[in-house]
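Undergrad: Fold the following and give me the result.
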Amino acid sequence: MTGTLTLARLEVLRVLRNKRYLLFTIGLPVVLYLMISRQGSGSTAYHVQFAAYYMVAMASIGAFSGALTGNAQRISQERKDGWIRQLRITALPASGYVTAKIIASMVTSVPSIVVVLALGRFYGDVHLAPWKWIAIALAIWLGSMTFASLAVAIGYRFMPDTVQPITMFVYLGMSVLGGLWFALGGTMQKIGQVLPTYQITRIGTDVISQGTIPMGRVAIILAWLAGFIVLAAWSVRSTVEKI
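TA: Okay, here's the model as predicted:
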């Protein structure tokens, strides 16, 4: 376990020094929130003020971007370079590499969540009870764990030049159809209801508007998480002899 945690710590330090990480997981959602949140002043989305909805959405955008796009690319490149093969001859447990990646992803998703929620409070004038802030942050964090698992599946299964378009397609599809860029209605909302991104956003807005944590939505997210974990395990096992 010590080796896994050491690898996770080194991965966290490397990610935090990455300019791409700072740009897309923190910079982009912050800029979008500053530009757009007040344009919807007076309007509502999912029964809450627009600034509150957009706060949840942008915090999710940053967390999911870091968990999926960058993580999958790094795993695929390290697999291609033979780094994973080299780790197998060390004392690191067989599952240590994957575990370290997921731990690092969960740690590095925290800054984007905290920064955007802080913006919502002090720039967007979103006022909530302390437990609601915690519940919203945990819901987004749980969602980022889902995409961290998917990143493992994609990173192990595909080569680096293929990973980037795949992750961008998944990321954009999940974020648009999940209502992260704009609130959904009608047919698009019916489609979005099956996606974890939509459910994570709605957990946040339901906590704000109703003061309750909708366990049905949590169950859908957990189902996606379980599915992606199974997919990740299958990808790792199916490529073990090829790396």
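Undergrad: CA atoms for contacts and neighbours, from now on please.
TA: Fine.
Undergrad: packing partners for whichever helix or strand Leu28 is part of?
TA: Using DSSP states H and E, Leu28 sits within helix 28-36. Contact here means 3 or more C-alpha pairs under 8 Å, 6 or more residues apart in numbering; DSSP states H and E; on that basis helix 28-36 packs against helix 50-65, helix 110-122.
Undergrad: Show residues contacting the shortest one.
TA: Same thing as helix 110-122. For helix 110-122, the external contacting residues (C-alpha atoms under 8 Å, 6 or more residues apart in numbering) are 25-26, 29-30, 33, 51-52, 55-56, 58-60, 62-63, 126-127, 133, 137, 140-141.
Undergrad: Next, the angle helix 28-36 makes with it.
TA: 20 degrees (axes from the mean of the first three to the mean of the last three C-alpha atoms, to 10 degrees).
Undergrad: can you pull the buried residues of helix 110-122?
TA: Val110, Pro111, Ser112, Ile113, Val115, Val116, Leu117, Ala118, Leu119, Gly120, Arg121 (16 or more other C-alpha atoms under 10 Å).
Undergrad: Just flag the most distant two among the residues you listed.
TA: Val110 and Arg121 (16.6 Å; C-alpha to C-alpha).
Undergrad: the inter-axis angle of the longest helix seen in the chain versus helix 110-122?
TA: For the chain, the longest helix by residue count, based on DSSP state H, is helix 130-157. Helix 130-157 and helix 110-122 meet at an angle of 150 degrees, taking the same axes, to 10 degrees as the criterion.
Undergrad: and Gly120, how far is that from Ala51?
TA: Using C-alpha to C-alpha, to the nearest Å, Gly120 is found at 7 Å from Ala51.
Undergrad: Would you enumerate the residues in contact with Arg202?
TA: Counted by C-alpha under 8 Å, 6+ apart, Arg202 has contacts Tyr46, Arg217.
Undergrad: Let me know the helix or strand that Gln164 is in.
TA: Using DSSP H and E, the element containing Gln164 is helix 160-177.
Undergrad: With that, I have no additional questions.
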